[in-house]
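sequence and predicted structure below; questions after.
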Amino acid sequence: MIEAQHLVKCFRDKKRGAVSAVNGVSFSCRPGEIYGLLGANGAGKTTTLRILATILTPSEGTAIVAGYDVIKDPQMVRSRVGFLSTATALYGRLSAQEMVEYFGRLHGLDEPTLRRRIDELFARLEMNDYRDRRCDKLSTGMKQKVSIARTLVHDPPVMIFDEPTVGLDVMAARTISGFIRECRDAGKTVVFSTHVMSEVEKLCDHIGIIHGGQLLAEGTLTELRARYGIQDLEDLFVKVIEQ
Amino acid sequence: MSLRNIGIVYHKELIDSLRDRRTVISMIVVPLVVMPLLTIGLGFLSLALVGVAMRETPRVMILGGEDSPHVMAALHQMRDIKIVPANPDYAQEISEKQIRAAAEIPAGFEAKLAAGEPATVKIYMYEGEMRSGFGAERLQRFFRGLRDWSVRQRLEERHLPESLARPFDIVEQNVAPPEKVGGAILGGLVPYFVILLCLTGAMYPAMDLTAGEKERGTMETILCSPVSRTHLVFGKFLMVLTAAIATAVLAITAMLVSFAVGKKLILGLTHGAAASALQITVTGKAAFSIFFVVLPLAVFFSAALLALSLFAKSFKEAQSYISPLMIVMVMPAVAALLPGVELSPALALIPVLNTSLVSKEIITGTYHWNLIALIFLSSSLYAGVALAIAVKLFQREDVLFRT
């Protein structure tokens, strides 16, 4: 379960002074659901998700993630969250297995559990062929799979994806989409951000349209279409942010 | 404080760094190559250069002397100089290294000697030029011998004892232990290189583990793991410290081995002739003591470099911060090489300079335990402050996500 409560994040900018990247964002997402944050570049998607993953601390407001407060118990939140974004790269000089092992150990898994999880994940994601290959020698698709294994090694109940398909080819993007669906089917709470309309239509149970750091509209796709009387999601999105 | 998490981060960073070519070069290859090159290589080179210069028969010019046939004949009989015909451009020829030196014999030199009148022989040379010095020295030796012979002749003629002109002898006796003699030559240089290598050993891992992570996009990956940022800094810091210490230890070991090997080789080649110049002994105690005083400095370097590189957005930016820092850090080490800079309680508080000065003293066999303790404590304090700053910076979002 994720409950974002009036999240505000201000940054200090040399030229512009104090800038609010996120300004009073509230939403919730239940287990077995995919919540999509839809917004243009600079809308505040990444900052919101970084706050939920406790990488950033909110200036105001808070969020409860998997039962823990992001301000009071950030480490407990991180141990229950799998965070994947295009900015979460792999250690190039470690092998695929070493990379996943490293994060498994940091999540406090004991060695027998870690072995078992790695064997399961590598088999499920068909990664055994390049298990011992260094990450900097892997193709983009292979790297994505290693990242997925890294986020899943501790079997977290909450998954956060920040524009996970940016810069990926069709096949790699499909792997990610399939993986996001699997997470939902496994009963995990899933939040993901994107600016790709088709991904939202295919994956999301709930949608939040974010612009200028504020959540302008929220609901299921059907609800939003009915509310604005527009079928095409792109047109709907433009109408919401222009209002 | 979870030692387990620090250990996990450290173990990963160690594996990662040992697979990084730049770190391996600065941590292992440089100390193992620089130290032997410095001692054996430079030793051989200087011996070879001096040997070649000494073996050369210098071309010298004798100006005047036409009315002093006996002196001229004796000069021509000398085997370790080659006399070339006199030429008024002697000064230019010395400058252009066509001849090494020239001696000017005054008119009526032999007659003045016989009459007991004063006379001056001038020797021309190019000061600071080794080969010119060797040529001039041989001419000087000849004329000094001639002067001594004349004094003896005059005393004999007057039936006076030789001791009249030489009432007593002066003998210099060295009381410094062998390591002091060696230390005087290389005492300042060795700690300077150990400190420099310690800094370069820490430099690449510090940049790679912070700015390098930001650049490669792995900083966000590690920040979303449950490991606390303090543990993360400690794990990374231990890796940087390992590199600094490994570099220092390898440098000290290479220094000990190359002193021992170099001394044997050079003594063998020169048949013991260079024995007095090579009274260099670096004892195990000295090596251990240097390691002991360099240790807090390594901690200080590691933490300071880590904090500074964390601030940078990229590896390149980190390099631009660290290059000037290298000069700032090395300056005190260079200051310790200056003659007359001696260790005092006030200087014991200046980072880097204190370690350099005390290492110089240790190599020359002097142990001021009070000052060593003071240096260890002050360096540890600086190291602690630098580490606290690094931990603090790791908590700051504006530093971690500086764009």
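Nice, thanks for sending it over. Residues are numbered from 1 along each chain as shown, chains lettered A, B, ... in the order given.

residue closest to the middle of the chain?
You didn't pick a chain, so chain A it is. residue A:161 (1.5 Å; CA atoms, centre = their mean).

which element is the closest residue to that one other than its chain neighbours on?
Nearest residue to residue A:161, sequence neighbours excluded (CB to CB, 6 or more residues apart in numbering or on different chains): residue A:192, at 3.7 Å. Yep, even glycine has a C-beta here, placed from its N, CA and C like the rest. Using DSSP states H and E, residue A:192 maps to strand A:189-194.

residue ranges with poor pLDDT in chain B?
Low-confidence segments of chain B (pLDDT under 70): B:1, B:39, B:176-188, B:266-282, B:403.

which ones are touching the closest residue to chain A within it?
Using CB to the nearest CB, residue B:217 is the residue of chain B that sits closest to chain A, at 3.4 Å. The neighbours of residue B:217, taking CB atoms under 8 Å, 6 or more residues apart in numbering or on different chains as the test, are A:87, A:88, A:89.

with just CA atoms, put stretch B:142-149 into CSV.
Provided in CSV are the C-alpha atoms of stretch B:142-149 (Å, rounded to 0.1, in the frame of the first residue of the first chain):
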residue,chain,number,x,y,z
PHE,B,142,99.4,19.5,-10.3
PHE,B,143,100.0,23.1,-9.2
ARG,B,144,99.3,22.3,-5.5
GLY,B,145,101.9,19.5,-5.7
LEU,B,146,104.3,21.9,-7.3
ARG,B,147,103.7,24.5,-4.6
ASP,B,148,104.2,21.8,-1.8
TRP,B,149,107.4,20.7,-3.5
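
can you list the buried residues in that stretch?
B:142, B:146 (16 or more other CB atoms under 10 Å in any protein chain shown).

and what of stretch A:200-215?
The neighbour-count check on stretch A:200-215 (16+ other CB under 10 Å) flags A:200, A:203, A:204, A:206, A:207, A:208, A:209, A:210, A:211, A:213, A:215 as buried.

and stretch A:116-124, by the same measure?
Neighbour counts over stretch A:116-124 (16+ other CB under 10 Å) mark A:117, A:118, A:121, A:122 as buried.

before we move on, what about stretch B:207-221?
B:207-216, B:218-221.

show the end-to-end separation of that stretch, please.
End-to-end distance for stretch B:207-221, by CA to CA, to the nearest Å: 18 Å.

chain center to that stretch, what's the gap?
Mean-position distance between stretch B:207-221 and its chain equals 37 Å (CA atoms, centre = their mean, to the nearest Å).

test my guess that residue B:151 contacts residue B:165.
Yes. Between residue B:151 and residue B:165 there is a contact under CB atoms under 8 Å: 5.1 Å.

just the terminal-to-terminal distance for stretch B:92-107.
End-to-end distance of stretch B:92-107 (CA to CA): 23 Å.

likewise for stretch A:195-209?
In stretch A:195-209, first residue to last residue: 10 Å (CA to CA).

leaving out chain neighbours, which residue sits closest to the residue nearest in space to the middle of chain B?
Here the mean C-alpha position of chain B is nearest to the C-alpha of residue B:189 (CA atoms, centre = their mean), at a distance of 3.0 Å. With CB to CB, 6+ apart as the criterion, residue B:189 has its nearest non-adjacent residue at 7.1 Å, and that residue is residue B:337.

go ahead and confirm that neighbour touches residue B:190.
No. When contacts are counted by CB under 8 Å, residue B:337 is not listed as touching residue B:190 (10.7 Å).

who has more neighbours, those two?
Shown here are residue B:337 and residue B:190; by other CB atoms under 10 Å in any protein chain shown, residue B:190 has more neighbours (28 against 15).

who does the helix or strand hosting that one touch, helix- and strand-wise?
Using DSSP H and E, residue B:190 sits in helix B:189-209. Applying 3 or more CB pairs under 8 Å, 6 or more residues apart in numbering or on different chains; DSSP states H and E, one finds that helix B:189-209 contacts helix B:3-18, helix B:21-24, helix B:30-36, helix B:229-269, helix B:284-311, helix B:315-335, helix B:353-363.

would TSV of those with distance to chain A and mean neighbour count be doable?
Shown next, in TSV, are the helices and strands packed on helix B:189-209 (distance: least, CB to the nearest CB, whole Å; neighbours: other CB atoms under 10 Å in any protein chain shown):
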stretch	distance to chain A	mean neighbour count
helix B:3-18	5	19
helix B:21-24	10	16
helix B:30-36	20	19
helix B:229-269	9	21
helix B:284-311	15	22
helix B:315-335	13	15
helix B:353-363	33	27
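
residue B:104 is nearest to which of those helices?
The minimum distance between residue B:104 and the helices and strands packed on helix B:189-209 falls on helix B:229-269, with 38.8 Å, by CB to CB.

what is that closest one packed up against?
Here helix B:229-269 touches helix B:3-18, helix B:30-36, helix B:42-55, helix B:189-209, helix B:284-311, helix B:369-395, going by 3+ CB pairs under 8 Å, 6+ apart.

neighbouring contacts of the shortest one?
Pointing back at helix B:30-36 there. Helix B:30-36 is contacted by residues B:193, B:197, B:200-201, B:247-248, B:250-251, B:254-255, B:257-258, B:261-262 when judged by CB under 8 Å, 6+ apart.

for chain A, what lies in contact range of chain B?
A:11-12, A:53-57, A:75-76, A:78-79, A:81, A:83, A:85, A:87-94, A:98, A:102-103, A:105-108, A:150 (CB under 8 Å from any CB of the partner chain).
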